[in-house]
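Participant: need a structure here:
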Amino acid sequence: MSSWSAEQWCNTGASILRDDLILARRLLNQSIQLRPETSSAWYNLGLALHQQRRIPAAIRAYRHALGLPHAPVDHVLSNLSQDLLLAGRFHEGWQTYEYRLNDPKHDHGYFESHLGAAWEGPNDPRPCEHIVLVAEQGFGDTLQFMRLALHLQHKGIRTSLFCQSALIPLLQEQTALNEVFDECPPTTFTANSRWCPLMSLAHRLQLTERNIPLAGGYVQHNSSRQQRWKQQLQRKPGHQLIALHWQGNIEHEQKIYSLGRSFSFNELLQLKGLENTEFIAIQKGTGLDQLRLDAGLPFVQGQETFNRTMDFRDTAAVIANCNLVISSDSGVVHLAGAMGVPCWVGLRWIPEWRWGLSGTTSGWYDSVRLFRQPRQGDWGSVFKEMARALTA
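Facilitator: This next block holds a predicted model:
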C-alpha cells in the first residue's frame, strides 16, 4: 500500500464511506497528502466529515474541492448546500441549492420554451401577474414548500401549482390554493405569466428560520371525510389514538445524506403498555410488510380497512382523527404538520437539512416535536424518550 497513488488512496477511502468512516478519513487524508489538488479526495472527505457530524469541517472540505481542477461540481454543490442549510446558514444555503437545477432530471424545457427564464423573485424586472410553480422531488417537499405558493397568492399574485397527480385531490379540496394541476397547456399562460421551481422560492423570497410563513398549518380538515373515517376506525371510547409511520421513500434513502432516516416497525414496540391508547399504522407501500397486528400494540378495528386505501385524502382524514402522529422523517410528517396535528418525528443523529442540528421544535411546523438520536443508529433512546413523554 505504501506505493499506492493518490487516486488509489482516494478510491479505496471512498469505497468504505458507508462502512468505516474513521478508516475512510485516514485513506482520504493520505490521498490529500500525496496530491493536495485531488478534488475528489476533498469531496469524499466532506462526505466523511458530514457522516461524523462535523458539519463546519465538511463545508470547508467541499469549498476547497470547488477550488480545484476536475471537481465533481454538481455533487459538491448539492452536499454543500444541504450542509449550509443544516448549519442554519440559509442565505448561502438557498443560493447554493440552486445548483440542483443543473441535474438533467430537473427538465424545465417546456416552461422555458413558453415562458422564458425562471422568475427571479420580487426584483425580477419582468411584469408578473401569474406564476406557475413547478413541484420537484418528493411528496414531502411539495407539502412543505407549497406554503410559499399560498404566500404569493395572499400577496395578490395569481398562482398555479404544477405538482404530482397523487396530491392534487388533497390540495384542491383542502387548501386555499386556487389552481393545482398536473397538466399545463399553453392556454394556461398569459403575456405576463412566469414560472419558477417550487423550492427555488426559498431563495427568491430570502426565506430564513425567522420568516417561514404558515407554520401553524395550511391544509384544512375535511369534516365529512374525517367523520366517515371516525366511524370506520371504531376506536374505543376514552382512548387516545396514535398514528404510526416508519418507512419513507426507500429509493431516496440510498443516498448517504438520507441513509438511515427511517426505522423499523419493531422499534415502535417500545410504545407497548400505554394505558387507554390505540394505534393505527398509516404506512403505505414499502415497509407495510413489517406491520404485525399481533405484536402487542393495540390497533383500532379499522386498520385493515385503511390498509386498502391509497388516497392522500384518506390519510389526512385518519390523521385528523388522531391525537398524535409518530413518524420517521417522511412525507407524513409534512402532511401532519401542514394540518396542524401534533406529530413527533424520530430523527437520525445527522438529520436532513430541514430539521437543523439541535432543538426539539421546528420553524416549519408549530405542531411538530423533534426526537433526536443521541448517537448514530440509536433508535432505542429515541423511543424510550417518546415512551417517557407519553406517560409523563
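Participant: Tell me the buried residues in the longest helix seen in the chain?
Facilitator: Longest helix in the chain by number of residues (criterion: DSSP state H): helix 139-154. For helix 139-154, the neighbour count (16 or more other C-beta atoms under 10 Å) marks 139-153 as buried. (C-beta placed from N, C-alpha, C; glycine too.)
Participant: which among those gets closest to residue 306?
Facilitator: Distance to residue 306, by C-beta to C-beta, is smallest for residue 139 among the buried residues of helix 139-154, at 18.0 Å.
Participant: Run through the neighbouring helices and strands of the longest helix of the chain.
Facilitator: strand 130-134, strand 158-162, helix 201-204, helix 331-339 (3 or more C-beta pairs under 8 Å, 6 or more residues apart in numbering; DSSP states H and E).
Participant: Kindly recompute the last result at 10 Å.
Facilitator: strand 130-134, strand 158-162, helix 168-174, strand 179-181, strand 193-197, helix 201-204, helix 331-339 (3 or more C-beta pairs under 10 Å, 6 or more residues apart in numbering; DSSP states H and E).
Participant: in the chain, which segments are predicted with low confidence?
Facilitator: The chain contains residues with pLDDT under 70 at 1-2.
Participant: Do a quick rundown of the strands in it.
Facilitator: Here the chain has its strands, by DSSP state E, at 130-134, 158-162, 179-181, 193-197, 240-245, 277-281, 324-328, 343-347, 368-372.
Participant: The ones you listed into CSV, with extra columns for distance to residue 78 and mean neighbour count?
Facilitator: Shown next, in CSV, are the strands of the chain (distance: least, C-beta to C-beta, whole Å; neighbours: other C-beta atoms under 10 Å):
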stretch, distance to residue 78, mean neighbour count
strand 130-134, 19, 23
strand 158-162, 23, 22
strand 179-181, 28, 18
strand 193-197, 15, 23
strand 240-245, 27, 22
strand 277-281, 33, 23
strand 324-328, 22, 25
strand 343-347, 21, 24
strand 368-372, 24, 20
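Participant: Kindly reformat the ones you listed as a markdown table containing distance to residue 66.
Facilitator: Formatted as a markdown table, the strands of the chain follow (distance: least, C-beta to C-beta, whole Å):
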| stretch | distance to residue 66 |
| --- | --- |
| strand 130-134 | 27 |
| strand 158-162 | 32 |
| strand 179-181 | 38 |
| strand 193-197 | 23 |
| strand 240-245 | 38 |
| strand 277-281 | 44 |
| strand 324-328 | 33 |
| strand 343-347 | 29 |
| strand 368-372 | 30 |
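Participant: nearest to residue 102, of these?
Facilitator: strand 193-197 (12.0 Å).
Participant: Output the closest one in CSV with nothing but the alpha carbons.
Facilitator: What follows is strand 193-197, C-alpha atoms only, in CSV (Å, rounded to 0.1, in the frame of the first residue of the first chain):
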residue,chain,number,x,y,z
SER,A,193,-47.1,34.6,-16.8
ARG,A,194,-43.9,33.4,-15.3
TRP,A,195,-42.7,30.1,-13.8
CYS,A,196,-40.4,29.0,-11.0
PRO,A,197,-39.2,25.7,-9.5
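Participant: That strand vs strand 158-162, what angle?
Facilitator: Here strand 193-197 runs at an angle of 40 degrees relative to strand 158-162 (axes from the mean of the first three to the mean of the last three C-alpha atoms, to 10 degrees).
Participant: Use 605 as the first number for this chain going forward.
Facilitator: Sounds good: first residue 605 from here, last item strand 797-801.
Participant: Show me what strand 797-801 is packed against.
Facilitator: helix 713-719, strand 734-738, helix 743-758, strand 762-766, helix 805-808.
Participant: for these, which one sits closest to residue 930?
Facilitator: Nearest of these to residue 930, taken as C-beta to C-beta: helix 743-758 at 16.1 Å.
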